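A.B. asks: return atomic coordinates for the entry below.
(chains A and B)
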Amino acid sequence: MIEVSDLSKSFVDLKRGAVTALERVSFEVQPGEIYGLLGPNGAGKTTCLRILSTVLQPTSGRAVIAGYDVTEHPQEVRASIGFMSGNTGIYDRMTAWEMVEYYGRLYGIDEPTLQSRLEDIFETLQMNEIRDLLGSKMSTGMKQKVSIARTIVHDPPVLIFDEPTSGLDVLVARAVLQAIEYLKGQGKCIIFSTHIMREVEKLCDRVAVIHKGRILDSGTVEELESRHNQPDMEELFFELIQRHDEELVHGGVGIAEGV
Amino acid sequence: MNWNNVKLVFLREVRDQLRDRRTLFMVAVLPLLLYPALGLGMLQMTLLFQEQTRTVVILGADDLPPPPLVDGDRFDAQFFEFPSDSDKLRVVTDATTTAELHDVDLGQGESDAEVVSVADQLRGQVNDLVRLEKEVESAREGGDAVEQEVLDARVAAIKGEVGEAMSTAGIQVLILVPEGLKQHIAEMNTNLADGQQDMLDVNPPRLQIVRNSADEKSLMAYRRVREAVGNWEDQLLQERLASAQLPESFPDPVNPDQIDLARDQQLAANVWSKLFPAMLIVMAVTGAFYPAVDLGAGEKERGTMETLLISPATRTQIVIGKFLTVLLFSMGTALLNLASMGFTGKYMLSIAGAGQMSKLGDVALPPLTSMMWVVVLAVPLAALFSSLSLGLAMFARSSKEGQYYLTPLLMVTMGITVFCLSPAVEITPFYSVMPVMGPALLLKAMLLANAEVSSLYWYAVPVLLTSVGYCALGLWWAIEQFQREDILFRESEQFDLSLWVKHLLRDKDPTPSFAEAGICFGMIMLLQLVAMRFMGGAILGLAEEQVPLRMMQLLMIQQLAIIATPALMMGVMLTTSFRKTFKLYWPSLKFLAAAAVLAPVLHPLTVELSQFLGQHFFPQLPESAQKAIAPMLDANQPWWLVLLAFSIAPGICEELAFRGFILSGFSRSGRMGLAIVMSSVLFGVMHMFPQQVFNAALLGLVLGLLAVRSNSLLPGILFHIMYNGIEVMRNRIDPGFWTSAPMDWLVTVEAVGEQTQVRYDWPLLAICGVIASILITWLVRHGSVFCEDSVKKSSDSDALSGATPA
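C.D. replies: Numbering: from 1, shown residues only, chains lettered A, B, ... in the order given. This is a model prediction of the structure:
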């Protein structure tokens, strides 16, 4: 469903000069699977997911989603993904219903289908009481619900969540994670980025540790733990990152290749 | 194009804006309330406004001849057009203070006495002043500069003293009546009545009126005094004529009767034709800007931009949807403002009725057809401003930054508006294709509603067509902004100059960046502006025959210092490959050959084209420009110097700057066509005068094409030198050569004033046209291997600049 091979992205920054935000990243995600991208802030997670959502263009490499190449068929790619991140806000001067309806129409869903789909989603996500509430009057939790509804309104086969729980309180974060789990049960292909270990352990089928634009290692949580002889995910994460930084300092090139 | 998505975006944005109280206030509430409120305010102001009484001192009032000018402490009201005006001046005379001191209350009398005594002391100084000014005059005539300076200083000193004394004493105007004026006039009248006309009136005593026209108060008071004294003098004259039994028309033998053909409606049209275009422009800008900032920068700021970007709508669809929204609000604001202003203005003036404002005439609103034109022309104006505002708003990181961009946009449009308002500026073919000016001037002409409206319809075609073009360009730019990652994801980072300079010097590329090319052009233009002053000064005071030589020297210095040097310096400092930046490669011979053929072939075509356009389209070349190119036609100058100044120096220097540094920079955008067009437009702009701008921009296209296709600067230099060389030599060759056998059917020699001018005939133009089109087509189609290569490379490093990592 998602195939990423040798994806790289670089840009010029005033302070640092040419910066490589993403370097030869490759992975694959299957339907019914949740793939986790685990990394500290600035690791390249958002850059990677923005490329997958066609908002950014890759410098080199290839990404294919639901059979469409992100650079060659960006519109088809966007039609087959649902994307949610901290940067995809909702409109202040639109009600929950209008907001989701608007995106539904942009996806070209015909009106009767759209209306019944909206009713379903608002029912499932328990959003009927905020139907006619303007975005500016909503709490963070309500906004997050509207975002999820917006993400799934066109029933996309691929879902991309970029740190969906950042800045949320425990209750809302839990609800978001439950929603993602529910979507996995529906056979969606899900990619999920976070810097919180617990979420990875709880939710992801497979995980990639990403740092400074590179995938340091990837596999199921168990695989990773046994490979590095570390029973604890958090310790494992720190060890991988520390080792990578040391290798960079010593000028070593032999970094553990990603999958 | 999926218009459904455009419609969805448009409808959403409109609804969003209508729900925004600020926009509603700006677009609808403000114009509807503002003008009535302004009107009411002005009405109140006129009611509350009371002019302060000013003080006029008359010394020697007893010597004033009858009829009495002064009535108590006022001028006699009969001498004013509006009798109430006499209350605005308080007259203090020495006669009053002596004779009526006991009648007036004591305090007033005392202060009057003081004022009179101050004025009395000034009398001597005023007399000195009059005498000195006469001396200055005679010194000037005598040519005694030193004496004149001394006297001037004394005059200034006395003026200062008198002015100071008057303003401290609160005297706005001082009238000095010479002794015996009354008696003199009475004598004159008797003599005239007795028929002794031969009596010469030599050096009659004259009234002196002292004022300070640099002082507002004094100036206002003086205007009233002049009115009163003038009317009083007229009465004196009437009495004199009557006593001499001369007819009343004696001083006005002709007394022309003035007949004004302007009808009320036209007077009104005059008012509207100035107000409406100006208001339309200013309101279209403001009406476009605020919604645009909200739709562009505001959307980024609120974090909904990325949500929209991941929807299936393409970026072009999103921008067009947003553009239509901004256009709607811009037009709405502009037209509502005009309507509100028009109706309020008419209503207020009809209330004012008989008052002084009635002089403006009955300000009827323009007829319906003119109003239709207001609406029609509002569309291109609003569309242009909408696309520009949207582009700027997309570029801004935040709403606050977006608002800062309003000021320059508003300043530029205000400048154009003020220009268009000037009564001397009328619509011409040239102005009709200029942005903003075309619609504004056309509207002005339409509203003036003279008889020649039908000819204006012809202007509507170019105005509307070019407006659509400019708007399309603006929209394209806005879409372009919206496509760029570094602009969409610009983070609010602090701008640090030293960091930026460091970045420029550290992260150098083989060729300059797009922005660096722009800066290079900016520097050239700035230096040109600075140099203008020196150029003007350098030929001042030179003998006539030295001017051409000096002009050519200056021209060469200008080429070297102002055009080539900035480009070369920037090339050395900001790029790693000097050679690549300036395309210093040996080209393949075919390109040199193409350049060598194109130059003589294009020369006749462009010369005739600019001749034609110069006669029918462009404004006349200013005298200074004609002076600058005069040496080129001057047969007395050595031919090699003229060639050096007009062909070799520009050929090398301009190519280094425009096809070297600037084109290399623009090429980094990855689009060669765009790079060539932009570099040639700038090349044109550098030439300042409209004719040359057009011609240079056209040739710039060919030069750019040559440079890009050959990847060398040399063919361009060859072309440039040859082209300019032909222009120089064309008029220096003996006319006999042209009129002889093979040439006479290709070329005509015309006499222009003292000089002859060579004009090309149709057969020659046809041959040149065919050859030129073949060669240019070949150049356009010629294998662009080199270009694709450079595009690929540049897009790697450039297009991604500024995008932020997670």
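A.B. asks: roughly how far apart are the residue of the stretch 151-300 of chain B found nearest chain A and B:Gly391?
C.D. replies: Proximity of the stretch 151-300 of chain B to chain A (C-beta to the nearest C-beta) peaks at B:Glu299, 8.9 Å away. Backbone N, C-alpha and C define where each C-beta goes, glycine included. Counting by C-beta to C-beta, to the nearest Å, the separation of B:Glu299 from B:Gly391 is 14 Å.
A.B. asks: please apply the same query to B:Arg223.
C.D. replies: Relative to B:Gly391, and taking C-beta to C-beta, B:Arg223 is found at 52 Å.
A.B. asks: higher neighbour count, these two?
C.D. replies: Comparing B:Arg223 with B:Gly391 by neighbour count (other C-beta atoms under 10 Å in any protein chain shown), the higher total belongs to B:Gly391, at 24 against 12.
A.B. asks: is it true that that one touches B:Ala478?
C.D. replies: Yes. B:Gly391 lies in contact with B:Ala478 (C-beta atoms under 8 Å); the separation is 3.8 Å.
A.B. asks: packing partners of the worst-scoring helix or strand of chain A on mean pLDDT?
C.D. replies: When each helix and strand of chain A is scored by mean pLDDT, DSSP states H and E, helix A:233-249 comes last, with a mean of 83. The contact analysis (3 or more C-beta pairs under 8 Å, 6 or more residues apart in numbering or on different chains; DSSP states H and E) places helix A:233-249 against helix A:197-203, strand A:206-211, strand A:214-219, helix A:221-227.
A.B. asks: buried residues in that helix?
C.D. replies: Applying a neighbour-count criterion of 16 or more other C-beta atoms under 10 Å in any protein chain shown, one finds A:Met233, A:Leu236, A:Phe237, A:Glu239, A:Leu240, A:Ile241, A:His244 buried in helix A:233-249.
A.B. asks: which of the residues you listed sits closest to chain B?
C.D. replies: Looking across the buried residues of helix A:233-249 and measuring by C-beta to the nearest C-beta, the closest to chain B is A:Ile241, at 15.4 Å.
A.B. asks: can you report how many residues neighbour the closest residue in space to that closest one that isn't next to it in sequence?
C.D. replies: Leaving aside its chain neighbours, A:Ile241 sits nearest to A:His211 (5.1 Å; criterion: C-beta to C-beta, 6 or more residues apart in numbering or on different chains). By other C-beta under 10 Å, the residues close to A:His211 number 21.
A.B. asks: who does A:His211 form a beta bridge with?
C.D. replies: A:His211 has these beta-bridge partners by DSSP bridges: A:Arg214.
A.B. asks: show the contacting residues for it.
C.D. replies: Contact partners of A:His211, counting by C-beta atoms under 8 Å, 6 or more residues apart in numbering or on different chains, are A:Gly39, A:Pro40, A:Ala43, A:Leu240, A:Ile241, A:His244.
A.B. asks: distance of B:Ile767 relative to B:Val597?
C.D. replies: From B:Ile767 to B:Val597 the distance is 12 Å (C-beta to C-beta).
A.B. asks: so which residues of the chain form strands?
C.D. replies: All of this refers to chain A. All strands of chain A, identified by DSSP state E, fall at A:2-13, A:17-29, A:34-38, A:60-65, A:68-69, A:81-85, A:158-162, A:189-194, A:206-211, A:214-219.
A.B. asks: to clarify, I was referring to chain B.
C.D. replies: B:54-59, B:70-71, B:74-75, B:89-93, B:173-176, B:208-210, B:747-752, B:755-760.
A.B. asks: single out the residue in the stretch 1-150 of chain A that lies closest to chain B.
C.D. replies: Closest point on the stretch 1-150 of chain A to chain B, by C-beta to the nearest C-beta, is A:Thr46, at 2.7 Å.
A.B. asks: didn't that residue look like it was pressed against A:Thr88?
C.D. replies: No. A:Thr46 is not in contact with A:Thr88 according to C-beta under 8 Å; the separation is 11.4 Å.
A.B. asks: so what's the residue nearest the centre of chain A bridging to?
C.D. replies: By C-alpha atoms, centre = their mean, chain A has its centre lying nearest to A:Phe161, at 2.9 Å. Beta-bridge partners for A:Phe161, by DSSP bridges, are A:Met84, A:Phe192.
A.B. asks: wait, isn't it in contact with A:Thr88?
C.D. replies: No. A:Phe161 lies out of contact with A:Thr88 (C-beta under 8 Å); the separation is 10.3 Å.
A.B. asks: name the residues of stretch B:125-144 that are buried.
C.D. replies: B:Val126, B:Leu129, B:Leu132, B:Val136, B:Ala139.
A.B. asks: among these, which pair sits farthest apart?
C.D. replies: Farthest pair in the buried residues of stretch B:125-144 (C-beta to C-beta) is B:Val126 and B:Ala139. Separation: 20.3 Å.
A.B. asks: just to revisit the earlier point, which residues touch the residue of the stretch 151-300 of chain B closest to chain A?
C.D. replies: Counting by C-beta under 8 Å, 6+ apart, B:Glu299 has contacts B:Met305, B:Leu308.
A.B. asks: please redo it, this time with the cut-off set to 10 Å
C.D. replies: A:89, A:91, B:13, B:16, B:293, B:305-308, B:318, B:322, B:393-394, B:399 (C-beta atoms under 10 Å, 6 or more residues apart in numbering or on different chains).
A.B. asks: same thing with A:Pro157?
C.D. replies: A:1-2, A:31, A:65-67, A:80-82, A:186-189.
A.B. asks: now list the buried members of those.
C.D. replies: Those of the contacts of A:Pro157 that meet the buried threshold are A:Met1, A:Ile2, A:Ile65, A:Ala66, A:Ser80, A:Ile81, A:Gly82, A:Lys188, A:Cys189, by 16+ other C-beta under 10 Å.
A.B. asks: okay, B:Ile767 and B:Val597: which has more neighbours?
C.D. replies: Of the pair B:Ile767 and B:Val597, B:Val597 is the one with more neighbours under other C-beta under 10 Å, namely 16 against 13.
A.B. asks: thought the more buried one was touching B:Ile771?
C.D. replies: Yes. Shown here, B:Val597 and B:Ile771 form a contact pair, counting by C-beta atoms under 10 Å, at 6.8 Å.
A.B. asks: please name the nearest non-neighbouring residue to B:Gly180.
C.D. replies: Per C-beta to C-beta, 6+ apart, closest to B:Gly180 is B:Pro205, 6.1 Å.
A.B. asks: can you give me the distance of the one you found to B:His184?
C.D. replies: Note on B:Pro205: its distance to B:His184, by C-beta to C-beta, is 6 Å.
A.B. asks: now do the shared contacts for those two.
C.D. replies: By C-beta under 10 Å, 6+ apart, the residues touching both B:Pro205 and B:His184 are B:Asp63, B:Pro178.
A.B. asks: quick one: contacts for A:Gly44?
C.D. replies: By C-beta under 10 Å, 6+ apart, A:Gly44 lies in contact with A:7-9, A:20-23, A:25, A:37, A:51, A:193, A:210-215, B:805-806.
A.B. asks: and it, backbone torsions?
C.D. replies: phi 110, psi 0 (degrees, to the nearest 10).
A.B. asks: can you tell me the distance between the two ends of stretch B:530-546?
C.D. replies: Across stretch B:530-546, the terminal residues are separated by 24 Å (C-alpha to C-alpha, to the nearest Å).
A.B. asks: so how far is that stretch off the chain centroid?
C.D. replies: Taking the mean of its C-alpha atoms, stretch B:530-546 sits 26 Å from the chain's own mean (C-alpha atoms, centre = their mean, to the nearest Å).
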